[in-house]
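> Could you work out the structure for the sequence below:
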Amino acid sequence: MKLLICFLCLIGSALALPSAVVLSSAEIDSRSALWLHANPTGWKMNMTSRPDCGSGNSMRPMLQPNDRMFFEPFIGQKLKGCVVLVKVSYCKLLVSHLAYDENKTHIFMTGINNRYSDGWVNKSQVIGVLVGILRPE
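Residues are numbered from 1 along each chain as shown. Reported below is the predicted structural model:
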């Protein structure tokens, strides 16, 4: 089985789309293991949806159900234009949405496919920044 691997490039634009490379399942597993070994504080999560948190469509087409997402820890880097992993009060799961704007203490967060934004969220709630996506073919 082959998997589609997408790495996110958000250089200069919040609307940049991931570029895709098709790799074998073994190659994906190998690269995932290497990435996690090289980034021990990084996160690897599966895209999920739950009725109490949303339908899982808020970041389509960039993120889709069953995507495996890779996050680097938030250590104070600029977030505007990045997809961030955030702990929010309205959902038991961590949420991945676009940081549309930011100031010194907060980010304005929204799903790219949502009618309504999440509003301003304190940067202390940010856990990580999306750096890669693995998508089953």
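
> CA atoms for contacts and neighbours, from now on please.
Noted.

> beta partners for L130?
F71 (DSSP bridges).

> Cross-check the contact I'm expecting between it and F70.
Yes. Counting by C-alpha atoms under 8 Å, L130 touches F70, with 5.8 Å between them.

> how many neighbours does L63 have?
23 (other C-alpha atoms under 10 Å).

> how near is it to G81?
With the distance defined as C-alpha to C-alpha, to the nearest Å, L63 ends up 15 Å from G81.

> what residue ranges in the protein score low on pLDDT?
Across the chain, the ranges flagged by pLDDT under 70 are 1-25, 28, 43, 47-55.

> how would you label F108: helix, strand or coil?
strand (DSSP: H, G, I helix; E, B strand; the rest coil).

> For it, list the residues it contacts.
Residues in contact with F108 (C-alpha atoms under 8 Å, 6 or more residues apart in numbering) are A99, Y100, D101, E102, S117, D118, G119, W120, V121.

> residues of stretch 129-137 that come out buried?
Using 16 or more other C-alpha atoms under 10 Å as the test for burial, stretch 129-137 gives V129, L130, V131, G132, I133, L134, R135, P136.
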